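Enquirer: What follows is a protein structure lacking sequence information:
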Ligand code: SF4
Ligand code: SF4
């Protein structure tokens, strides 16, 4: 190939495929995919959307199944409440999730983006179908966009954007229900609007943000903005499975001529794989950062291959090694290392979650206080307890010392009732006979009981008068 032709052939590396020579936006008019992979994606996407819509309504024992209340630092997962005190579990969960994503990407490439990322699912299975319905196939959409502002154009654009905005307002409300719970959201909806102006302002802001993303920004999120997409380059290797064009079989390209002897490769240069691509790339140029692994080009090419009686799979899900050498998938050292790390983290997570207490107690002497002489030859220390009730029920508890003969005297209360889903502060004096104290600082154990059930033992110290 001449140098000039080589440069032309690799010019796709110089800029994003959806940017024109003058730096403008090249709008992607992707054709509608169809085929086996698209059908699988459709089932997964609509199941996913259904789960997203109904999940806030699901409750177990009166608790939402899932709630992520960032402003209050209260998280409910699988109907279990997690408090800021459980943040180390969240930190480990986040690290576990990141390692899982890295391992998944090293093995399966960017499949997450094309199949489960909300950006792709909402765009390809809600907003693009609405566009097809109102504005027609890609050729008709381009004609409409390039044409004058006739009544038809105004009507179609207004209708499409009104539907987009309405759906996105509902989606913004659903996201809010994951934060404040669906009950709180429904309560707010019934209350006068003037009582919730800041909240409404926030909802409208996010609706506009989502609207900008799905109506205009679209694939730029995947190709330019998303950090996960930008990091693929360091995660992929030659054993990573990906949507790949079989250049060994496909090249050199040549038009298909019926009944003629074929000396070219199997790619008939019909461009159907390019026209269907939602990020506007040509998969035949090899692995590109813009590919979200949606598999639409696999369906498009399989359809072409079938129609001309060629073997399917010219574009398929395969590793670079499989394409270039024909070797089967190899679970390499890097994948094994990530799997080992992920297994360890999962074991730690399971241990932390299964041993997590539903009542968590912190007891310490009140700072700056020494001991006091009490009647009957006793010494008294002032303590404060912070007891977190992570359940959704009030709980009555008692506290007692176990390794020393101490008497607990609550301040300002006769009994300890832990309010549900909250941190309860309890102040008390602990009185211990002088005869039991051998040192200035005496190690003691205080136990929290729910009825006769011992729920936690806390070690602390008790100050006596000795040097
Ligand atoms: S759809 Fe298949 S045959 Fe057509 S251009 Fe793409 S790779 Fe070649
Ligand atoms: S190249 Fe194929 S798999 Fe990648 S984004 Fe385009 S259509 Fe989807």
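Expert: Looks like it came in fine. Fair warning: this is a prediction, and the values are worked out from it, not measured in the lab. Ligands and ions are numbered 1, 2, ... in the order given.
Enquirer: residue contacts, the closest residue to ligand 2 within the stretch 351-467 of the chain?
Expert: Nearest residue of the stretch 351-467 of the chain to ligand 2, counting by Cβ to the nearest ligand atom: residue 353, 36.5 Å away. Heads up, the C-betas are built off the backbone N, CA and C, glycines and all. Neighbouring residues of residue 353 by Cβ atoms under 8 Å, 6 or more residues apart in numbering: residue 89.
Enquirer: make it 10 Å
Expert: Residues in contact with residue 353 (Cβ atoms under 10 Å, 6 or more residues apart in numbering) are 77, 78, 80, 82, 86, 89, 92, 93.
Enquirer: which SSE is it in?
Expert: Element membership for residue 353, per DSSP states H and E: helix 333-354.
Enquirer: Parallel or antiparallel, which strands does the helix or strand that that helix is followed by pair with?
Expert: Remark: after helix 333-354, the chain's next helix or strand is strand 359-365, criterion DSSP H and E. According to DSSP bridges, strand 359-365 forms sheet pairs with strand 378-389 (antiparallel).
Enquirer: Would you mark the buried spots in the strand it pairs with?
Expert: Buried residues in strand 378-389, counted by 16 or more other Cβ atoms under 10 Å: 378, 379, 380, 381, 382, 383, 384, 385, 387, 388, 389.
Enquirer: For the helix or strand that it is followed by, which helices and strands make contact with it?
Expert: Moving toward the C-terminus from strand 378-389, the next helix or strand (DSSP H and E) is strand 395-401. Applying 3 or more Cβ pairs under 10 Å, 6 or more residues apart in numbering; DSSP states H and E, one finds that strand 395-401 contacts strand 359-365, strand 378-389, strand 407-410, strand 416-418, strand 422-433, strand 441-450, strand 453-463.
Enquirer: Ranking those strands by mean neighbour count, which comes first?
Expert: strand 378-389 (a mean of 20; mean count of other Cβ atoms under 10 Å).
Enquirer: State the mean pLDDT of it.
Expert: The predicted model assigns strand 378-389 a mean pLDDT of 93.
Enquirer: That strand to strand 441-450, inter-axis angle?
Expert: Orientation of strand 378-389 against strand 441-450 (axes from the mean of the first three to the mean of the last three Cα atoms, to 10 degrees) gives an angle of 40 degrees.
Enquirer: returning to what we had before: return the member of the buried residues of strand 378-389 nearest to residue 120.
Expert: Among the buried residues of strand 378-389, residue 388 lies closest to residue 120 (Cβ to Cβ), at 39.8 Å.
Enquirer: who does the closest one bridge with?
Expert: Beta bridges link residue 388 to residue 360, residue 423 when assigned by DSSP bridges.
Enquirer: hang on, isn't it packed against residue 73?
Expert: No. Applying Cβ atoms under 10 Å, one finds residue 388 not in contact with residue 73, separated by 11.7 Å.
Enquirer: shared neighbours of those two, anything?
Expert: Contacts common to residue 388 and residue 73, judged by Cβ under 10 Å, 6+ apart, are 83, 84, 85, 86.
Enquirer: so what's the last one scoring on pLDDT?
Expert: For residue 86, the pLDDT comes out at 80.
Enquirer: And for the residue lying closest to it once chain neighbours are set aside, the neighbour number?
Expert: Excluding the flanking residues, the one nearest residue 86 by Cβ to Cβ, 6 or more residues apart in numbering is residue 356, at 6.7 Å. If you count neighbours by other Cβ atoms under 10 Å, residue 356 ends up with 14.
Enquirer: where does the chain come near ligand 2, residue by residue?
Expert: Residues of the chain lying near ligand 2 by Cβ under 6 Å from any ligand atom: 114, 243, 276-279, 281, 283, 291-297.
Enquirer: Domain map for this structure?
Expert: Domains of the chain are assigned by automatic domain parsing as 25-233, 241-324, 359-463.
Enquirer: Mind checking those domains for the one nearest to residue 332?
Expert: Short answer: domain 25-233, nearest of these by Cβ to Cβ, at 8.6 Å.
Enquirer: what sits against the residue in the stretch 301-450 of the chain that ligand 1 sits nearest to?
Expert: Residue of the stretch 301-450 of the chain nearest ligand 1, by Cβ to the nearest ligand atom: residue 301 (3.4 Å). By Cβ under 10 Å, 6+ apart, the residues touching residue 301 are 35, 245-246, 250, 266-268, 270, 272-273, 276, 283-284, 310, 312-316.
Enquirer: Which of the residues you listed fall within helices?
Expert: Among the contacts of residue 301, the members falling in helices (DSSP state H) are 250, 272, 273.
Enquirer: Most neighbours of all those, which one?
Expert: residue 273 (24 neighbours).
Enquirer: Burial check on the residue lying closest to residue 30 once chain neighbours are set aside, number of neighbours?
Expert: Spatially, and ignoring its direct neighbours in sequence, residue 30 is nearest to residue 278 (4.7 Å; Cβ to Cβ, 6+ apart). If you count neighbours by other Cβ under 10 Å, residue 278 ends up with 22.
Enquirer: circling back: what residues sit buried inside the helix holding residue 353?
Expert: Neighbour counts over helix 333-354 (16+ other Cβ under 10 Å) mark 334, 335, 338, 342, 345, 349, 353 as buried.
Enquirer: what's the answer for stretch 82-96, then?
Expert: So for stretch 82-96, counting by 16+ other Cβ under 10 Å, buried means 82, 83, 85, 86, 89, 92, 93, 96.
Enquirer: Show me the contact partners of that stretch.
Expert: 68, 72-77, 80, 341-342, 344-346, 348-349, 351-353, 356-357, 360, 362, 386, 388-390, 421-423.
Enquirer: List the contacts of residue 272.
Expert: 31, 296, 297, 299, 300, 301, 303, 304.
Enquirer: Can you lay out those residues as a markdown table showing secondary structure?
Expert: Putting the contacts of residue 272 into a markdown table (DSSP: H, G, I helix; E, B strand; the rest coil) gives the following:
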| residue | secondary structure |
| --- | --- |
| 31 | coil |
| 296 | helix |
| 297 | helix |
| 299 | helix |
| 300 | helix |
| 301 | helix |
| 303 | helix |
| 304 | helix |
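Enquirer: which one of these is nearest residue 40?
Expert: Nearest member of the contacts of residue 272 to residue 40, counting by Cβ to Cβ, is residue 299, at 10.0 Å.
Enquirer: Could you report the neighbour count for the residue nearest to that closest one when sequence neighbours are not counted?
Expert: Using Cβ to Cβ, 6+ apart and skipping residues adjacent in sequence, the residue nearest residue 299 is residue 35, 2.9 Å away. Residue 35 has 19 neighbours, counted by other Cβ under 10 Å.
Enquirer: again, but for residue 15
Expert: Neighbour tally, residue 15, other Cβ under 10 Å: 11.
Enquirer: ok, now residue 289?
Expert: 18.
Enquirer: surely it meets residue 281?
Expert: Yes. Proximity of residue 289 to residue 281 meets the contact threshold set by Cβ under 10 Å, at 9.2 Å.
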